[in-house]
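In: this one's structure only:
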């Protein structure tokens with residue numbers, strides 16, 4: 001999209017990149033109004049949370065789960081200087097699929113905090129994510145919880161293709177909870193991360209994180 005095409009199609013009031021994300025989730029969940037979490041003070045105004053928002057939808061595909069998506073790793077708002085870039089900001093947004101956990105009582109807001117903490121790491125370090133990256137959570141991914149899930153591996157979201165937006169390429173990268181033992185095996189043998197993902201997919205094609213899962 002050329003700058004002229006961009007200026008003709010959008011106005012300064014348009015959340016150009018935000019709408020691109022919504023488009024994908026409207027396709028997956030037509031008519032569903034997501035739960036949305038936005039920080040009280042935006043990052044641009046000095047707030048501590050880098051993401052402008054996190055939404056989650058209720059999915060019934062494979063099994064009931066929550067499907068989260070971030071807003072803020074890509075360029076969200078009208079910006080003529082960002083038109084037709086190679087990548088939209090960091091070039092991705094994160095997603096997360098979570099099996100309902102009894103202690104959440106239907107309010108999995110801890111996952112929003114997890115995604116914001118990952119964003120703080122990216123924004124402060126300048127390190128971005130690609131498929132098959134992995135990271136420790138430095139404890140249970142849900143704080144103060146008895147769970148073996150203490151680390152994350154990154155995959156391409158199985159239901160959302162990488163897309164070209166007016167600001168450049170955006171991939172939808174899904175974080176997947178893995179156990180301490182699985183993570184330690186990856187650290188010892190980094191070449192096995194893809195094999196682990198394939199093994200997990202055999203019984204869980206969408207790679208929904210289950211806090212009750214053992215090795």
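Out: Looks like it arrived, so ask away. Keep in mind the model is a prediction, meaning the values are calculated, not measured. Numbers count the residues shown, from 1 in each chain.

In: did I read that right, residue 88 in a strand?
Out: Yes - Residue 88: assigned to a strand according to DSSP: H, G, I helix; E, B strand; the rest coil.

In: need the contact list for it.
Out: Going by Cβ atoms under 8 Å, 6 or more residues apart in numbering, residue 88 touches 17, 74-75, 82, 165, 167-170. For every residue, glycine as well, the C-beta is placed using N, CA and C.

In: Spatially central, which residue of this structure would that be?
Out: The chain has residue 94 as the residue nearest its centroid, 1.6 Å off, counting by Cα atoms, centre = their mean.

In: where along the protein do the strands fall?
Out: For the chain, the strands defined by DSSP state E cover 35-37, 53-59, 65-71, 87-98, 134-136, 149-156, 163-165, 168-179.

In: Need those in TSV (columns: distance to residue 192).
Out: Output for the strands of the chain, formatted as TSV (distance: least, Cβ to Cβ, whole Å):
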stretch	distance to residue 192
strand 35-37	35
strand 53-59	29
strand 65-71	26
strand 87-98	22
strand 134-136	11
strand 149-156	11
strand 163-165	30
strand 168-179	12
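
In: now for those, which one comes closest to residue 122?
Out: Closest to residue 122 of the strands of the chain, according to Cβ to Cβ: strand 87-98, at 6.5 Å.

In: mean confidence score for that closest one?
Out: Mean per-residue pLDDT for strand 87-98: 94.

In: Please list the outside residues in contact with stretch 36-50.
Out: For stretch 36-50, contacts defined as Cβ under 8 Å, 6+ apart pick out 51-55, 72, 109, 112, 116, 119-120, 122-123.

In: Which of those are buried? Put it as a ChimeraX command.
Out: Restricted to buried positions by 16 or more other Cβ atoms under 10 Å, the ChimeraX selection for the contacts of stretch 36-50 reads:
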select :51,52,53,54,55,72,112,116,119,122,123
